[in-house]
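Participant: No letters, just coordinates:
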């Protein structure tokens, strides 16, 4: 399974990227490889001018196309996802997320912005053809705190919710282990020897 992590924050380090990093760590502990797409590292002029000929933009679009699972993380500004993320999503083809399982993650200054996941980001992901959009995880600034060393740390409650969301993602995006390797056999074809 190919997993793409899209970081939509214009700053580094950021709380939304801390959520993405924690999700990546949980996926890697389960033996899955993840690929990162940090939107702020794409050329600004190419993003703003929708330069589809730019090699980095083409590579980013190809990364989305190749992924089976996408985790999108963004800060919430003015009750919506970041403008940087919007600029990138605007470059994607209409069916860029078709058949993909998507987990949205967001951070914001207070719990009052948590509906931005459902009312701002989810409709765009759906419009891009996402096959299955999981319930998102929203964290307020109080749940992702800055350590004295300058890194972000997830509080226990948000770390637990994120772990549960990643486990749900894995359960719904991976084929069932009970079906791996064998196809079902009808009872009439079963032979028994004693």
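Facilitator: Noted; the coordinates are in hand. Quick caveat: nothing in here was measured; it's all calculated off a predicted structure. Numbering: from 1, shown residues only.
Participant: how about the strands in the protein?
Facilitator: 3-7, 34-38, 69-77, 80-81, 101-108, 132-133, 137-140, 144-146, 152-154 (DSSP state E).
Participant: Can you list the buried residues in the longest one?
Facilitator: Read that as strand 69-77. 69, 70, 71, 72, 73, 74, 75, 76 (16 or more other C-beta atoms under 10 Å). Glycine gets a C-beta too; all of them are placed from N, C-alpha and C.
Participant: would you list those in JSON lines and tack on pLDDT and distance to residue 22?
Facilitator: Output for the buried residues of strand 69-77, formatted as JSON lines (pLDDT from 0 to 100; distance: C-beta to C-beta, whole Å):
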{"residue": "69", "pLDDT": "95", "distance to residue 22": "16"}
{"residue": "70", "pLDDT": "97", "distance to residue 22": "17"}
{"residue": "71", "pLDDT": "98", "distance to residue 22": "11"}
{"residue": "72", "pLDDT": "98", "distance to residue 22": "15"}
{"residue": "73", "pLDDT": "97", "distance to residue 22": "10"}
{"residue": "74", "pLDDT": "97", "distance to residue 22": "15"}
{"residue": "75", "pLDDT": "96", "distance to residue 22": "16"}
{"residue": "76", "pLDDT": "95", "distance to residue 22": "18"}
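Participant: would you turn these into CSV with distance to residue 61?
Facilitator: Below are the buried residues of strand 69-77 laid out as CSV (distance: C-beta to C-beta, whole Å):
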residue, distance to residue 61
69, 17
70, 13
71, 17
72, 15
73, 19
74, 18
75, 23
76, 25
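Participant: And those, which is closest to residue 103?
Facilitator: In terms of C-beta to C-beta, no member of those lies closer to residue 103 than residue 71, at 4.6 Å.
Participant: thinking that closest one is in contact with residue 7, fair?
Facilitator: No: in this structure residue 71 lies outside contact range of residue 7 using C-beta atoms under 8 Å: 9.5 Å.
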